[in-house]
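**Q** Got a sequence here, can you build the structure:
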Amino acid sequence: MSLVKEFKEFAMRGNVVDMAVGIIIGGAFGKIITSLVNDVIMPPIGLLLGNMDFSQLAIVLKKESIDTAGAVVPAVTLGYGMFINTVINFLIIAASIFMVIKAMNSMKKKEQAAPAAPPAPSAEEKILTEIRDILKTR
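**A** Numbering: from 1, shown residues only. Reported below is the predicted structural model:
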């Protein structure tokens with residue numbers, strides 16, 4: 001089997017397509033959550049803590065300086081404020097995924113608990129039933 005043919009079979013499987021859709025939707029969902037945290041949740045928290053912008057919180061390890069050639073050497077910082085934002089993003093995404101999976105599992109349990117309707121009799125079974133009923137009346 002050629003490599004191209006094998007790749008085509010792999011790519012056309014349902015699971016791969018489902019995974020691709022999930023990754024695309026997950027990326028978009030991640031952007032929505034990032035905006036929610038950065039633009040909706042963190043500003044009021046920063047306001048409550050005295051007009052603090054979490055994204056700007058950092059520890060300066062080395063101050064900005066000018067080298068011998070006159071070029072500006074940027075400061076070296078640990079941006080723990082952005083880390084806090086990222087942790088909050090993760091917690092919201094994890095909670096959302098947990099709720100979706102919990103709802104899906106609940107639906108599966110309900111589906112499994114409900115008994116399935118018996119299948120309709122086939123044409124042969126209908127004919128055999130009619131023959132049996134005729135023989136009973138004789």
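**Q** which stretch of helix or strand covers the residue most central in space within the chain?
**A** Most central residue of the chain, judged by C-alpha distance to the mean C-alpha position with Cα atoms, centre = their mean, is residue 26 at 4.5 Å. Element membership of residue 26, judged by DSSP states H and E, is helix 14-35.
**Q** returning to what we had before: how close does the residue nearest to the centre of the chain get to residue 97?
**A** 9 Å (Cβ to Cβ, to the nearest Å). Bear in mind the C-beta positions are built from the backbone N, C-alpha and C, glycine included.
**Q** sorry, back to before: which positions in the helix holding residue 26 come out as buried?
**A** Across helix 14-35, burial judged by 16 or more other Cβ atoms under 10 Å covers 33-34.
**Q** mind checking the longest helix of this protein?
**A** Looking only at the chain and at elements set by DSSP state H, the helix with the highest residue count is helix 80-113.
**Q** For residue 104, see how far away residue 113 is.
**A** 15 Å.
**Q** and if you look at residue 26?
**A** As judged by Cβ to Cβ, residue 26 and residue 104 stand 15 Å apart.
**Q** same question, residue 43
**A** Using Cβ to Cβ, one gets 33 Å for the distance from residue 43 to residue 104.
**Q** Tally up the residues packed near residue 54, please.
**A** Residue 54 is surrounded by 21 other residues when neighbours are defined as other Cβ atoms under 10 Å.
**Q** excluding its backbone neighbours, what's nearest it?
**A** Of all residues beyond its chain neighbours, the one nearest residue 54 is residue 81 (4.3 Å), with distances taken as Cβ to Cβ, 6 or more residues apart in numbering.
**Q** Next one, pLDDT for the one you found please.
**A** At residue 81, the model reports a pLDDT of 86.
**Q** residues contacting it?
**A** With contacts defined as Cβ atoms under 8 Å, 6 or more residues apart in numbering, the neighbours of residue 81 are 53-58.
**Q** Most neighbours among those residues, please name it.
**A** Within the contacts of residue 81, most neighbours by other Cβ under 10 Å means residue 54, with 21 neighbours.
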